[in-house]
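J.: Predicted model and sequence below, questions to follow.
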Amino acid sequence: MEHIAHDETSFVRPAEVGEMELYHAKTWLGKYVFSQDAKTIAIQYAATAIAIGMVALVLSWVMRLQLGLAIPRCL
């Protein structure tokens, strides 16, 4: 087996790549609705949970009002 001496000319220099500009959403819809940022998703999740909770609370009040008005009629 033949031994080849280490020579710096046998290496290829790494290609110089300029900095790429990253994509940033320019609209509100792209920034907040279709975000992939974990913090934004957490805020979306919390806002959705609170909104659904408020709807459920109002619907439970309506059901209680209906029950409260219906019971005296049945007696």
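T.: Arrived safely. Numbering: from 1, shown residues only.
J.: Quick check: mean pLDDT of the top helix by length along the chain?
T.: Identified as the longest helix of the chain according to DSSP state H is helix 38-74. Averaged across helix 38-74, the pLDDT comes to 90.
J.: Relative to the whole chain's centre, how far out is that helix?
T.: Chain-centre distance of helix 38-74: 24 Å, with C-alpha atoms, centre = their mean, to the nearest Å.
J.: Equivalent analysis for stretch 26-38, please.
T.: 8 Å.
J.: Give me the contact list for that stretch.
T.: Contacts with stretch 26-38, where a contact means C-beta atoms under 8 Å, 6 or more residues apart in numbering, come from 25, 40, 41, 44. Every C-beta, even on glycine, is put in place using the N, C-alpha and C of the backbone.
J.: Can I get those residues in JSON lines including distance to residue 63 and neighbour count?
T.: Below are the contacts of stretch 26-38 laid out as JSON lines (distance: C-beta to C-beta, whole Å; neighbours: other C-beta atoms under 10 Å):
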{"residue": "25", "distance to residue 63": "42", "neighbour count": "12"}
{"residue": "40", "distance to residue 63": "35", "neighbour count": "14"}
{"residue": "41", "distance to residue 63": "33", "neighbour count": "11"}
{"residue": "44", "distance to residue 63": "29", "neighbour count": "13"}
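J.: most centrally placed residue in the chain?
T.: For the chain, the residue nearest the mean C-alpha position is residue 41 (2.8 Å; C-alpha atoms, centre = their mean).
J.: residues in contact with that one?
T.: Counting by C-beta under 8 Å, 6+ apart, residue 41 touches residue 35.
J.: For residue 47, see how far away it is.
T.: 11 Å (C-beta to C-beta, to the nearest Å).
J.: got it, and residue 31?
T.: Look at residue 31 and residue 47: by C-beta to C-beta, they are 15 Å apart.
J.: So which of those two has more stuff around it?
T.: Applying other C-beta atoms under 10 Å to residue 31 and residue 47 shows that residue 31 carries more neighbours, namely 13 against 10.
J.: Show the pLDDT at the more buried one.
T.: With respect to pLDDT, residue 31 has a value of 84.
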